[in-house]
Every structure is written in C-alpha cells, then in structure tokens.
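Q: Fold the following for me, if possible:
(2 chains, ligands or ions: 1)
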Amino acid sequence: MNEHFRIPRTVPRKSATFDDASIAEIRRAAATGIYDIRGAGAKRRVPNFDDLLFLGASISRYPLEGYREKCGTEVVLGTRFAKKPIELKIPVTIAGMSFGSLSGPAKEALGRGASAVGTSTTTGDGGMTPEERGHSDILVYQYLPSRYGMNPDDLRKADAIEVVIGQGAKPGGGGMLLGQKISPRVAQMRTLPEGIDQRSACRHPDWTGPDDLEIKIEELREITDWQKPIYVKVGASRPYYDTALAVKSGADVVVVDGMQGGTAATQEVFIEHVGIPTLAAIRQSVRALQELGQHRKVQLIVSGGIRSGADVAKALALGADAVAIGTAALIAIGDNDPALEAEYQKLGTTAGAYDDWHEGRDPAGITTQEPELMQRLDPVRAGQQLANYLSVLTMETQIIARACGKSHIHNLEPEDLVALTVESAAMAGVPLAGTDWIPGVEGR
Amino acid sequence: MQSSLAVAPNRAESTLDSERVFDLRTSTVRELNQKLHSLSEDTNEKFWRVENPRGRHAIAVGLDLPISVTINGHVGYYCAGMNKRADVTVQGNAGVGVAENIVSGRVHVRGDVSQSAGATGIGGNLIIDGNASARCGISMKGVNILVKGSVGHMSAFMAQAGTLTVLGDAGEALGDSIYEARLYVRGSVASLGADCMEKEMRDEHKAQLFKELESAGIAGEVDVSSFRRYGSARQLYHFHIDNISSY
Ligand SMILES: Cc1cc2nc3c(=O)[nH]c(=O)nc-3n(C[C@H](O)[C@H](O)[C@H](O)COP(=O)(O)O)c2cc1C
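A: Residues are numbered from 1 along each chain as shown, chains lettered A, B, ... in the order given. This is a model prediction of the structure:
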C-alpha cells in the first residue's frame, strides 16, 4: 500500500499545441456551428517595435538639450497634388473608426482630444456625423466599399479623403456590424433595416485594380476641385506593391495598417492569420516610395499596434511621416478600464481582455449604441484624457529624437536603430544589436 | 423622345437663357468641372452643351445646381458622378460607373452603359436608353434606375433601397444579397442571386412602376402588368448556421 504512494506521478500537463484557448475555441465552434467574431487586433505575439532599440547619441553624434533645443513635430500631409494640404502639429493621428462601431459620445471625445493637440480624426464605415465634424478641427472622410452615408456634401466638408482598400486586421475583408448595434440612427445613416446583421462589401462597387483606382481618384479630385489630399489606405500584405500602385494611382498619402491593427468586428481567424505585422511592412513601403522618388513627397502613415512614443519614434525612424492610432485612443478614453472590472466579469471577461466590441454591451460606453451605456462616457473628460495621452506620445517621441541628436522627429532614420532579434532585424532592415548584420541584405 | 436628340432640354422654351458650349477639344475636363462648380445658385447660365467628350473620364461630376448639361458623344468613367439636382444627358455611350452615388437630379444616357451604372446612388433618376453591363445598380441606396434594354450579371448586388426597372432581360445572379431595393424586370432573368426572390406584383407596386415609367416618358408605351417584381427574401439578415453556404 505505502509503496504505491511513493511512485512519482506525472503532473497534469496541458498541450502547447492544444492550449486552453484552442480547446475552448473547438468547443465553442462545436456548440454553435459558426465562426467567432470579435473586436481589437491580433493578440498573438508577432515581431514588433519592442524588438527594436535606439542607439542614442555617442562621441560621433551629439544629443540635443531637452526642452531648450527645438525638436519639431509638425507634419504636412498631401503636398503632392492637393491645393490644401493638411497641417498637423503632432505626428500621431486618430485612425478611422465608424460611427456605429463607436458611440456618438466616443466619436465626439476623439474629435475633442485630437483637436486640442492639433491633429486629425477620421470617419469610418458609416458616414460622417455632425458631432464628429463639429468637434474635429481636421477631419478625414473615408471612402469605403460600402459607401454607407457617402455624399458629395460631406465629401466637401472633409479636410481630406481616405480611399480604403483594406485594413490590417482583415486585408481582403469587408465591414461587419451586428444587429445589436444597428440602432435606428445607425440604420438610417447606412440605409439599412434596423437590427439586421450587416455584411458590407469587401471590394469597391465601381472599380477594380490600379488603373481604375487612378480614374476613381481623378473623379474624387474633380468633385472636390483638387482641394483635398487623397489618402489610400491598405492593410499590410504586399506593402511594396500596394504602395507603388497607390502612388501610381495618384495618392497624396499612403496609409499602411499592420496585422495588429484593431477592428470593430471581424472573424477571429481573419484577425490572427491574414496580413503581416506592422514592423514588417514599413521598410517595404518606404522602399517603394524611394524607388519612385516619392519618399517624403507622398507621405506615409503607419498604423497597427502603436502604444507609446517609442513606437511612434521607431515607425518614423523606419521612414513613416506619421502614425495613426485606434485601439490606444479607445483605451485613453476609457476602454477596458479596470474600474469597470465587476461589469467585465458579468460579461464573462476581464479588464484588459474585453474584445466583444461587436456586441454593443461595452460598459465604458464606447463600442455601443445603447443609450444608457453611451451616456456613461463624458466626451469632454474623455477628450481631455485623449489629448493628454497624445501629448505624452509626442513628448516621448521628442525625447528619443533629441537623444539621437535630431532637431525634427522626421530626422530620425534607420541608422538610429538596432534589433534585438534576427527576425526583427530582417523585417526592419536594421542590424542585430552588437553586430553589423542585417539579415537579408546582400554582402552582410 | 427621339426627336429632341440634338437639342439641349428646354432650349426652345428659354428666351433669356442662351446655351453655353464647352468644347473638350480645346478645353480640359478640369476647366469644365471648375466652371460648372463655380456657377452661382441664381445663375442664368442654365443650359450647357459639351462637345467632343471623346471618352474622357469624370465629365460633369459633383454638380450641385438645377442646370442642364448635354454631352454630345461618348463619355468615359464616372460621368455625372455624385450628381445633385442637375439634369445631365449623354448623347452617346457611357463608361464604368455613370452617375455613381447620384444624390438627386437626373442622368439620361441615350446609348449603352458599362459596368456599375448608378452604383451606390442615393436618390434621383438614372435613365438608360440602351443596355447596361454588369453590376447595374450595385449597392444602390435610393436611386431609381430605369434601363430600356437589358442589364448584365450581378445587377442590384447588395442593393439597399431604390428601384431598378429593366424593360429587357437581366443576367445571372440578379439582386444577390439584396436588402430593401425593388426590382422590376419585363424580360427574362437568367438567375436570381442569393436571398433574392420573385414577389407578388400588387397594385401599389404597379402604381410605383407606373411612376417610374412616367418619369422616363414611356408610361403609355409599356404595360406595367408585363413586369415581374423581385426583392429580398430576408433570409440572410441574421447570421445563422443554416445559411452558412450563402455567406
Ligand atoms: C472600433 C474600431 C473600428 C474601426 N473601424 C474602421 C473603419 O470603419 N474603417 C477603417 O478603415 N478602419 C477601421 N478600423 C481600423 C483603424 O482605422 C486602424 O487601422 C487600426 O485601429 C489601427 O491599429 P490600432 O488599433 O492597433 O491602433 C477600426 C478599428 C477599431 C478599433
């Protein structure tokens, strides 16, 4: 008897392949027969900006004095063809997020926060609301496949137009808004029946391919008398070719959104398995611009997983002119706030993990159309929080730029960076830290 | 109808207004559009004729005045795109996306049109005397489109609102994933797309169709009873496991 107890037992061991999340998903799929839909971006770890480091100043390069010596942060977008380019005071913009996916107060908060620090906001797949036009000093109007709410009056009210080809979370996917969020107002703006599960198109209805896109851009310019910058937004998949084709089609600005980029609602399989990381996309886009002699002439905006001033500085050093943020802006205005933990628990989740943005039950009042939930968000306070956060991002970017001896954030360059891993060195095209080795570059 | 072919609409009635002519052999599309955009609300330059369009793109786009523009010849892509209030006539054929996203007013093409005619249009009227190619009325959101000839495949794809009237035949997959738009077809339908079904033609529909025919000036010539009506079966309005093969 006693001998039996002395035999060592194996401990319960979970599979690395069949981990908790995989098993739970198999069970969920078996029970429902339908794929999982959620918000936010890719959650798995992919090579990212954390894998890069700045070198800072040394004997060969001297730093700038913090606060005393100027380090410019302004960005001008749309200098190629538009009569009225956009002038931003900071290199961080607010990415397109639809009214419908976000509540009216959330859109207002984004407008207030961005305007307070001199940057732009962007509409989304659902048209332009008076709240957001009213509270955004600079507003970019998205031109999407669904064309929900699209009309020439709003087109002329916009400060720039963004032709959306794709999104990093779902390159090749269309919009999705489930019935719970198709409130009477959202339905009316989108010309849809209330409460239906909306599927929206993944391709534009009246053009396909780069030759058509060129004509489409010409039409938009003609309608707006060549006043407004025209951006082209792509999900990062083939950024070298997409950037080159966007330039060829006449874009003023190219927006490249990596796979970590957030979404309001998409199939989980799409979010995690289609598209490439932001880090892997930037140099390819920049190379296309350089080869066409258009770097800094056609501006590049990068998005997907930007959290801190360090991320901003790294994206700029790799050659971007500005970055855009979605998820981080939502967190700044109150998304996933630990103070709401009890309510997240009731929804079967926890603060920091809540991603059922498509269900419209957001306790923070951001990704919802429920009047009771929406009114929890104070747009003035939330706007102030966003303004604070954007200021911090900008100051952090300046701190790094000064440390590298740059009098303007755009003077940051790949030579200021090294990588911590072989993968990130190859993707970012910078040497592995402590070596001269850039994997993939010939002769190294 | 055909007798007014070479003249701008209402020209004979206007005594004060003289017709302005814009020749695209000597001027650019940019100059034309800029001129039309800069007219004031009370302009007396209400009648415009465009000569030698020669297939150029984006002719007369973004108009927002009750003026009348006649284009003598064939036009390229997106002619009269996002039209508001203006009355645009094309005396020829039109390329891709004629009257795309039209808001109001009227666009009349005397010839045939290419793909995506009236795409995403939210109001107004688009009348096509000839045939329309694929995706006519794709994602339409309130525009009334009338095609005297036939329409190509995937017409009224994801059509949300408005009316598509076809005197001829419709190609494959008519009204695929349609929402609340109404489709009236007089000829044959090669096939219906996902979630599109034939519906009963009640009196209210006949009355509506009559109005459509009236606004195209053919109410007397065509019998509303000779049309069949198609619309949404509304089976795909909610994600459901039983519909999985349709998504
Ligand atoms: C709630 C939400 C709604 C979004 N809606 C749109 C949209 O309507 N159109 C679009 O192009 N991108 C949309 N996006 C993507 C953002 O524009 C942006 O590409 C992405 O959020 C950037 O990545 P980040 O969230 O990691 O900052 C949305 C993102 C979120 C989080």
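Q: Where do the strands of chain B begin and end?
A: In chain B, the strands defined using DSSP state E lie at B:20-23, B:47-51, B:68-72, B:87-90, B:106-109, B:125-128, B:141-147, B:161-166, B:182-185, B:196-199, B:228-232.
Q: Show me the one of these that comes nearest chain A.
A: strand B:141-147 (4.3 Å; C-beta to the nearest C-beta). For the C-beta atoms, the positions are set from N, CA and C on the backbone; glycine is no exception.
Q: Does chain A have contacts with the closest one?
A: Yes - contact of strand B:141-147 with chain A (C-beta under 8 Å from any C-beta of the partner chain) involves B:K141, B:G142.
Q: where does chain B have low pLDDT?
A: B:1-17, B:241-247 (pLDDT under 70).
Q: Find the centremost residue of it, please.
A: B:L126 (2.4 Å; C-alpha atoms, centre = their mean).
Q: Who does that one form a beta bridge with?
A: Taking DSSP bridges as the rule, B:L126 bridges to B:V107, B:I145.
Q: what's it in contact with, if anything?
A: B:98-99, B:102, B:106-109, B:117-118, B:143-146 (C-beta atoms under 8 Å, 6 or more residues apart in numbering or on different chains).
Q: B:A80 now?
A: Here B:A80 is in contact with B:I59, B:A60, B:V61, B:L63, B:A86, B:V88, B:V90, B:V98, B:A99, B:I102, B:V107 (C-beta under 8 Å, 6+ apart).
Q: repeat for A:V92
A: A:T119, A:I306, A:V312, A:A322, A:V323, A:A324, A:I325, A:L390, A:L393, A:T394.
Q: Surely the third one and A:T397 touch.
A: Which is A:V312. Yes - using C-beta atoms under 8 Å, A:V312 makes contact with A:T397 at a distance of 4.6 Å.
Q: shared neighbours of the two, which are they?
A: A:P91.
Q: Where does the stretch 251-400 of chain A get nearest to chain B, which residue?
A: For the stretch 251-400 of chain A, C-beta to the nearest C-beta, closest residue to chain B: A:Q267, 10.4 Å.
Q: Once you drop chain neighbours, what's closest to that residue?
A: A:Y35 (4.9 Å; C-beta to C-beta, 6 or more residues apart in numbering or on different chains).
Q: Please enumerate the strands of the stretch 251-400 of chain A.
A: A:253-257, A:266-267, A:299-303, A:322-325 (DSSP state E, counting those that start in this stretch).
Q: Quick one: closest of those to A:S101.
A: The minimum distance between A:S101 and the strands of the stretch 251-400 of chain A falls on strand A:266-267, with 10.9 Å, by C-beta to C-beta.
Q: Pull up the pairing partners for the closest one, direction included.
A: Strand A:266-267 has the following strand partners under DSSP bridges: strand A:37-38 (antiparallel).
Q: after the partner strand, next one along is what?
A: As assigned by DSSP states H and E, the chain's next helix or strand after strand A:37-38 is strand A:52-54.
Q: Show me what that next one is packed up against.
A: helix A:309-317, strand A:417-419 (3 or more C-beta pairs under 8 Å, 6 or more residues apart in numbering or on different chains; DSSP states H and E).
Q: so what's A:R402 closest to, chain neighbours aside?
A: In space, A:R402 is closest to A:L64, 4.1 Å off (C-beta to C-beta, 6+ apart).
Q: A:P152 too?
A: B:M82 (4.2 Å).
Q: quick one, phi/psi of the closest residue to chain B within chain A?
A: Taking C-beta to the nearest C-beta as the measure, chain A has A:I223 as its residue closest to chain B, at 3.3 Å. Per-residue torsions, A:I223: phi -60, psi -40 (degrees, to the nearest 10).
Q: give the contact list for it.
A: Taking C-beta under 8 Å, 6+ apart, one finds A:P152, A:L155, A:R156, B:N33, B:A58, B:V61, B:G62, B:G81, B:M82 in contact with A:I223.
Q: How about B:R56?
A: B:L24, B:V29, B:V75, B:G76.
Q: gap between the residue nearest to the centre of chain B and B:R25?
A: 27 Å (C-beta to C-beta, to the nearest Å).
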